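Colleague: Pasted the sequence and its predicted model underneath.
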Amino acid sequence: QVQLVESGGGLVQAGGSLRLSCAASGIIFSINAMGWYRQTPGKQRELVATITNGGSTNYADAAKGRFTISRDNAKNTVYLQMNSLKPEDTAVYSCNADVTRYTGAYYVANNYWGQGTQVTVSS
């Protein structure tokens, strides 16, 4: 199977920065899109940013100009650099990936989620 493991969350003051990482592990043939989403209690999970395996990016309006998504295809890892953080950025951040596995007999494509990492921005 495939696992996505996030790291880099924590507590930071408003105006500060954090860098999140998400590494995919398992018997992976290829990874297409990878992305970051966030959720706060009582609200639906929302898109933060996505990136294709070719490097094309897409950002939510709240992330534009402050957050940068990147990936290292050799390491099956996606990053989210978050600058100028605001209290309203406080949320659980989860990574997502479209992964194709090779079972030895055929290819299987699935979408996977990490367990999430807490980001708290104090005012």
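Modeller: The structure has been received and is ready for your questions.
Colleague: Distance of the nearest residue to Val2 once chain neighbours are set aside relative to Leu80?
Modeller: Spatial nearest neighbour of Val2, chain neighbours left out: Gly26 (3.8 Å); criterion: CB to CB, 6 or more residues apart in numbering. C-beta coordinates here come from the backbone N, C-alpha and C atoms, glycine included. Distance from Gly26 to Leu80, counting by CB to CB, to the nearest Å: 21 Å.
Colleague: Also Asn110?
Modeller: 22 Å.
Colleague: Neighbour count: these two, which is higher?
Modeller: A side-by-side neighbour count of Asn110 and Leu80, using other CB atoms under 10 Å, places Leu80 first with 25 against 11.
Colleague: give the contact list for the more buried one.
Modeller: Shown in contact with Leu80 (CB atoms under 8 Å, 6 or more residues apart in numbering): Arg19, Leu20, Trp36, Val48, Ala49, Phe67, Thr68, Ile69, Tyr93.
Colleague: So how do I select the buried members of those in ChimeraX?
Modeller: The ChimeraX command for the buried members of these (criterion: 16 or more other CB atoms under 10 Å) is given here:
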select :20,36,48,49,67,68,69,93
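Colleague: For this structure, just list every one of the strands.
Modeller: 2-7, 10-13, 18-26, 30-39, 46-51, 57-59, 67-72, 77-82, 91-102, 107-113, 117-122 (DSSP state E).
Colleague: Can you add distance to Tyr102 and pLDDT and give the contacts of Leu80 back as JSON lines?
Modeller: Shown next, in JSON lines, are these (distance: CB to CB, whole Å; pLDDT from 0 to 100):
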{"residue": "Arg19", "distance to Tyr102": "31", "pLDDT": "98"}
{"residue": "Leu20", "distance to Tyr102": "28", "pLDDT": "98"}
{"residue": "Trp36", "distance to Tyr102": "26", "pLDDT": "98"}
{"residue": "Val48", "distance to Tyr102": "30", "pLDDT": "98"}
{"residue": "Ala49", "distance to Tyr102": "28", "pLDDT": "98"}
{"residue": "Phe67", "distance to Tyr102": "33", "pLDDT": "98"}
{"residue": "Thr68", "distance to Tyr102": "31", "pLDDT": "98"}
{"residue": "Ile69", "distance to Tyr102": "27", "pLDDT": "98"}
{"residue": "Tyr93", "distance to Tyr102": "29", "pLDDT": "98"}
